[in-house]
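K.L.:
Any chance you can model this:
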Amino acid sequence: MKKIFVLLLTISMLFFLFSCSSEKPIENVPPITSASIGISEGSDESFSVTFYVTTPEKPTNADIYLYGDFNNWIAGDSKYKLKKESDNYYSITFEMPAGKTINFRFNRGTRNSEEADFFGDRIRNRTYRFEFDGDVQYLTIENWLDVN
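P.N.:
Numbers count the residues shown, from 1 in each chain. Coordinates of the predicted model:
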């Protein structure tokens, strides 16, 4: 009985080793580019995205705006005011040229009231690339710079 068990164990180990060794590493994979996903550079095509944003509980009655390099970092720009869906839940849908990458943040009307990390410190810019039409993104604002 022991001999059969050892024999089966040995055969299983050999099978496992040979099956693993036949896999080849992935080589020469081309990078994802605008052209490889069907976006031609300089195209007049626009893609839309909807950001659904959850905000901190305080303050609750604030207007929330999106701003970034696409609007010259103008805080409180009414064109990019988010729609209040419910308490602490907002949304905005907008379009940009296909393939465009934007840097952005959220604010409550001024640069001094922009989003912050959990501890209230300034965060890095968020980025988004318009690669798919009708995309949906769920984002969370952890805190605000002007809230202690």
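
K.L.:
could you point out where this protein is predicted with low confidence?
P.N.:
1-10, 12-43, 59-60, 148 (pLDDT under 70).

K.L.:
which residues touch Thr101?
P.N.:
Listed by Cβ atoms under 8 Å, 6 or more residues apart in numbering, the contact partners of Thr101 are Thr127, Tyr128, Arg129, Phe130. Where you see a C-beta, it was placed from the backbone N, CA and C, and this is true even at glycine.

K.L.:
Is it bridged to anything, and to what?
P.N.:
Arg129 (DSSP bridges).

K.L.:
where does it sit relative to Tyr52, distance-wise?
P.N.:
20 Å (Cβ to Cβ, to the nearest Å).

K.L.:
try Asn61
P.N.:
19 Å.

K.L.:
higher neighbour count, the two?
P.N.:
Using other Cβ atoms under 10 Å as the criterion, Asn61 and Tyr52 rank with Tyr52 on top: 16 against 6.

K.L.:
dump the residue contacts of the more buried one.
P.N.:
Taking Cβ under 8 Å, 6+ apart as the test, what Tyr52 contacts is Glu85, Tyr89, Tyr90, Ser91, Val136, Gln137, Tyr138, Leu139.

K.L.:
correct me, but Ser46 touches Phe94?
P.N.:
No - contact criterion Cβ atoms under 8 Å: Ser46 and Phe94 do not qualify, at 9.7 Å.

K.L.:
And the strands in the chain, which stretches?
P.N.:
46-54, 65-68, 83-86, 89-97, 101-107, 115-116, 126-129, 135-140, 143-144 (DSSP state E).

K.L.:
Point out the most buried one among these.
P.N.:
Looking across the strands of the chain with neighbours counted as mean count of other Cβ atoms under 10 Å, the highest average goes to strand 65-68: a mean of 22.

K.L.:
counting contacts, what elements does that strand pack onto?
P.N.:
strand 101-107 (3 or more Cβ pairs under 8 Å, 6 or more residues apart in numbering; DSSP states H and E).
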